[in-house]
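1. Next come a sequence and a model predicted from it.
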Amino acid sequence: MPTSPSSSPPNQPAPHLKPGDEAMPGTPGAGEDLCEVCGGSGIQKDGSECPNCEGTGRVIHGIGGG
Ligand SMILES: [Zn+2]
């Protein structure tokens, strides 16, 4: 008999909200935008990783809405 595949594929990081995210990635009406804290560099002025975007330079912003 065939083995039923697992519902969670391997090698795929679990999505999580960064401090600067307003929605989960792939959320309808939300989109990726430059981090307003680091300006998209992912690095703060003192050279440390930006905590708002976790060093990615991008955050998810809600678009439109009420
Ligand atoms: Zn940032």
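-> Happy to help now that I have it.

2. Okay, now the unreliable bits of this protein?
-> 5-10, 12-13, 64-66 (pLDDT under 70).

3. residues contacting residue 57?
-> Residues in contact with residue 57, defined by C-beta atoms under 8 Å, 6 or more residues apart in numbering, are 34, 35, 38, 39, 40, 41, 42, 50. Using the backbone N, CA and C atoms, a C-beta is placed for each residue, glycine as well.

4. Can you tell me the element residue 4 falls in?
-> For residue 4, there is no helix or strand it lies in under DSSP states H and E.

5. Tell me how many other residues surround it.
-> Neighbourhood size, residue 4 [other C-beta atoms under 10 Å]: 6.

6. What's the separation between it and the ion?
-> 41 Å (C-beta to the ion, to the nearest Å).

7. next one: residue 33
-> Separation of residue 33 from the ion (C-beta to the ion): 11 Å.

8. what's the answer for residue 46, then?
-> 13 Å.

9. Surely residue 15 is in contact with residue 24?
-> Yes. At 5.8 Å, residue 15 and residue 24 qualify as touching, with contact defined as C-beta atoms under 8 Å.

10. follow-up on the earlier one: quick one, which of the contacts of residue 57 are buried?
-> 35, 38, 40, 42, 50 (16 or more other C-beta atoms under 10 Å).

11. Could you find the closest non-adjacent residue to the second one?
-> When you say that, I think you mean residue 38. Spatially, and ignoring its direct neighbours in sequence, residue 38 is nearest to residue 50 (3.9 Å; C-beta to C-beta, 6 or more residues apart in numbering).
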